[in-house]
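In: just a sequence and a predicted model for now, questions to come.
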Amino acid sequence: MRVLFAISSWTGHYFPMVPLAWAMRAAGHDVRVLCRPSDQADVTAAGLIPVPALDGLDLLRGARLLNVMSLLQGTWPYPEPPPHPDTGEAMDPAGFDIAAWHAENMPAMVASSRAGTDAAVAFGRSWAPDLVVHDQLSLEGPLVSAVTGAPSVLHLWGPAGTADAFAPVGGEQAGLPQDLSDAFTRYGAGTLSHDLADHVLDPCPPPLRTAVAGRDAGIRYVPYNGPGAAPLDLPEPDGRRPRVCVIWGRSVTRTFGPVVNRLPQAVRAAADLGAEVLLLARPEDARDAGPLPDGVRPFHEVPLSLVLPGCEAVVHYAGAGSVMTALTAGVPQLSVPCGFDQPMVAERLSATGAGLHVHNLDADAATLGGALEKLIGQPSYADAARDLARRCAAMPSPAEVVADLEALAAR
């Protein structure tokens, strides 16, 4: 069977699908990953075969643009402006003309979107997949499925489902990709909708499920946080003080700017509690924390799943990869969300009793310290986290799901 994975250009969206791709390969199926050239290295590092034919709107650029629009609408809550959508540098709001930006950039964006969708359809027609698996913001996956007739499988990345609206700061945008070149109309593929999916895979355990009636099924979340070696210099917890992991992923500062980097406050809050702190962050974000207090161990490019065992809490910004990895490890979570799906994910996690959340704007060291003290000190959070981990482990593994997808492709 030929299985085509089509991905949007954001590792947090497609890393959750990597174990299913491995399971497909282990079952003897031919697997390709349709991606942008910028994702080729990450796909290759995961041991998969990339087809780097896609183009179109860069998701980071699009996310920055939404934040700029929030600023211009007066709903941006932070004291510093968001990054410029093109450069990522601090922007001058008075000097940014949104209408002129659109007039200058939209023709090229439409052309690149057309090039990407045309390349996807051309590859789909040539390779003729038996099944197409894609994430929620992939445009080309549903398109190739509709054009070729191969069944479509939507793989969710976490507690954000097809009925949810992602809320950038200052507004709402449905969790659908943008079809800038009107490819679905051009190819007679109908109207872009999540309803086009023949099957939806949800990696969340029941308390966090975002069900799609009649077409959804569970799949166990197997953490893949990117390549990295086991930290051989990490000793076992000494039992005298709690171990807290603080992770600040690769995307949030680039999307929202340095103003949302609460890594220094999170590190200080954990250190002030006397905790041993495992810090996972980009070097430039870690530098913003200043001199690290005693008891802080910095790590770079070490998968989160390798350091969470033995931790009594983890602090993150509610990125789905961090949330889901901590769920499987049974570790209580403190979320510091910024925007898009992060506040929704953080609230849903807190509602399970396995975590707490503090909005980024309110996240000073004292507030985070109080939340961490509660998270570590009250056994109910650890109990709820362990219960969620058991529920995760009881879900069908990717290898078990393969048989269901084989049956779907054979219909």
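Out: Okay, I see it.

In: break this protein into its domains for me.
Out: As given by automatic domain parsing, the domain ranges for the chain are 2-221+395-410, 243-393.

In: deepest in the core, which of these is it.
Out: Ranked by average neighbour count under the criterion mean count of other C-beta atoms under 10 Å, those are headed by domain 243-393 at a mean of 21. To be clear about C-beta, it is placed using only N, CA and C from the backbone, and glycine gets the same treatment.

In: just give me how far that domain sits from the chain centre.
Out: 15 Å (C-alpha atoms, centre = their mean, to the nearest Å).

In: quote the end-to-end distance of that domain.
Out: Terminal residues of domain 243-393 are spaced 24 Å apart (C-alpha to C-alpha, to the nearest Å).

In: likewise stretch 181-193?
Out: 16 Å.

In: so what touches it?
Out: Under the contact criterion C-beta atoms under 8 Å, 6 or more residues apart in numbering, stretch 181-193 has outside partners 110-111, 113-114, 117-118, 121, 139, 142-143, 146-147, 176-177, 179, 196.

In: what's the farthest-apart pair in those?
Out: 111 and 196 (24.9 Å; C-beta to C-beta).

In: still on that earlier bit, looking at the contacts of stretch 181-193, which is nearest residue 347?
Out: Nearest to residue 347 among the contacts of stretch 181-193, counting by C-beta to C-beta, is residue 176 at 21.7 Å.

In: excluding covalently adjacent residues, which one is nearest to the closest one?
Out: residue 192 (6.5 Å; C-beta to C-beta, 6 or more residues apart in numbering).

In: do the same with residue 57
Out: Nearest to residue 57 is residue 109, by C-beta to C-beta, 6+ apart, at 5.7 Å.

In: who touches that neighbour in this structure?
Out: 56-57, 180.

In: which residues touch residue 220?
Out: So residue 220 contacts 203, 392-393, 395-398 (C-beta under 8 Å, 6+ apart).

In: just the pLDDT for it.
Out: Per-residue pLDDT puts residue 220 at 98.

In: I'd assumed it was in a helix, is it?
Out: No: applying DSSP: H, G, I helix; E, B strand; the rest coil, one finds residue 220 to be coil, outside a helix.

In: that one and residue 306, how far apart?
Out: 18 Å (C-beta to C-beta, to the nearest Å).

In: now residue 117
Out: 38 Å.

In: can you check residue 19 too?
Out: Residue 19 is 16 Å from residue 306, by C-beta to C-beta.

In: go on, residue 318?
Out: Using C-beta to C-beta, residue 318 is found at 21 Å from residue 306.

In: check residue 108 too.
Out: For residue 108 relative to residue 306 (C-beta to C-beta), the value is 41 Å.

In: so, low pLDDT: which residues of the stretch 301-411 of the chain?
Out: Scanning the stretch 301-411 of the chain for pLDDT under 70 picks out nothing.

In: and if you look at the chain?
Out: For the chain, the stretches with pLDDT under 70 are 165-174, 211-215.

In: longest helix in it, by residue count?
Out: Looking across the chain with DSSP state H, the single longest helix is helix 98-127.

In: quick one: that one to chain centroid distance?
Out: 23 Å.

In: after that helix comes which helix or strand?
Out: Scanning forward in sequence from helix 98-127 by DSSP states H and E, the next helix or strand is strand 131-134.

In: many thanks, we can stop here.
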